[in-house]
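A.B. asks: model this:
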Amino acid sequence: MLHKIKYLLISLFFSFSFFSIAQTDNTAATFHVLVIDNSDIPQKGEIVIFKNIKTLKEFAGTTDSTGKFDIVLTQGEEYEVIISTFGKEETPKTIKIPVVNGKLDINYKITTSVLNKFLLDIQFEFGKPTLDSHSYTTLDDFYNMLDTKRNLKVEIGGHTDNVGDDASNQKLSEGRANTVRDYLIGKGIAANRIIAKGYGETQPVADNATDEGRQKNRRTEVIVIQD
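C.D. replies: I've put the predicted structure just below:
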């Protein structure tokens, strides 16, 4: 099973057309997949999963430098189509492959777009700028996206709840944002593509009077500066 993360980075638009060719194998359906962005630029390194609704078996492909790959599926079957490159997978697109008298070829286009702001599903040690060991998988996924989308520039924003004094929370948020930045730079992302900022407790998204609210306020946000 491919690794999945929780937060939405891409929105999707699907379209497809098909044509059939009479051949001996009349159960195959070859998908010619193309992934582009809103400017029609091919997207390299996007992982697309076709999950069979009935068997739950997954078939995956990764786009090349032209944004394309081919994958062979089965006529008459229904699949969930999931784009897994740093994306949310709770609401996949479902398609039913038609049955024709012959081999089926399907041109399948997916359009992606990067959101302006999203959360990183990472945790830190209590009161420290030190990453929890379970957070590195998410950061590695984020690194892979930055490595693929070379024009992307981002701000890493650290946020805290209101427990403790203002100055300590500000310092902690700055330290956590810089920890993320330093990790990504250490893996090879250019320093001028990543800005780290700490906001302390100044931008809550929930009520600090509850445990649940404080947990939501302790977060790391990514803001896209240039895509």
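A.B. asks: could you say which helix or strand contains the closest residue to residue 33 other than its chain neighbours?
C.D. replies: Closest residue in space to residue 33, ignoring its immediate chain neighbours: residue 108 at 5.0 Å, by C-beta to C-beta, 6 or more residues apart in numbering. All C-beta atoms are positioned from the backbone trio N, CA, C, and that covers glycine. Residue 108 is located in strand 103-114, with elements delineated by DSSP states H and E.
A.B. asks: Can you list the buried residues in that strand?
C.D. replies: Of all the residues in strand 103-114, those buried under the rule 16 or more other C-beta atoms under 10 Å are 103-106, 108-112, 114.
A.B. asks: With stretch 127-135 instead?
C.D. replies: By neighbour count on 16+ other C-beta under 10 Å, the buried set for stretch 127-135 is 129, 131, 135.
A.B. asks: The nearest residue to residue 197 once chain neighbours are set aside is in what secondary structure piece?
C.D. replies: Among residues not flanking residue 197 along the chain, residue 157 sits closest, at 5.3 Å (C-beta to C-beta, 6+ apart). Assigned by DSSP H and E, residue 157 belongs to strand 153-159.
A.B. asks: Provide the strand pairings for that strand, with the direction of each partner.
C.D. replies: The partner list of strand 153-159 in its sheet, established with DSSP bridges, is strand 194-198 (parallel), strand 219-226 (antiparallel).
A.B. asks: who touches the next helix or strand after that strand?
C.D. replies: Once the chain leaves strand 153-159, the next helix or strand it forms, by DSSP H and E, is helix 166-186. Contacts of helix 166-186 with the rest of the structure, by C-beta atoms under 8 Å, 6 or more residues apart in numbering, involve 120, 122, 124, 127-131, 136, 139, 142-143, 146, 156-163, 191, 194-201, 220.
A.B. asks: Report the distance from helix 166-186 to the chain centre.
C.D. replies: Its chain's average C-alpha position is 22 Å from that of helix 166-186, according to C-alpha atoms, centre = their mean, to the nearest Å.
A.B. asks: One more: stretch 44-55?
C.D. replies: Stretch 44-55 sits 14 Å away from the centroid of its parent chain (C-alpha atoms, centre = their mean).
A.B. asks: Next, the buried residues of that stretch.
C.D. replies: So for stretch 44-55, counting by 16+ other C-beta under 10 Å, buried means 44-51.
A.B. asks: Show me where the chain dips below the pLDDT cut-off.
C.D. replies: 1-26, 84-92, 114 (pLDDT under 70).
A.B. asks: Do a quick rundown of the strands in the protein.
C.D. replies: According to DSSP state E, the chain carries its strands in the segments 10-21, 28-37, 47-52, 58-62, 68-74, 78-83, 93-96, 103-114, 117-119, 153-159, 194-198, 219-226.
A.B. asks: Chain neighbours aside, what residue packs nearest to residue 203?
C.D. replies: Setting aside the residues directly before and after it, residue 203 is nearest to residue 159 in space (C-beta to C-beta, 6+ apart), at 5.9 Å.
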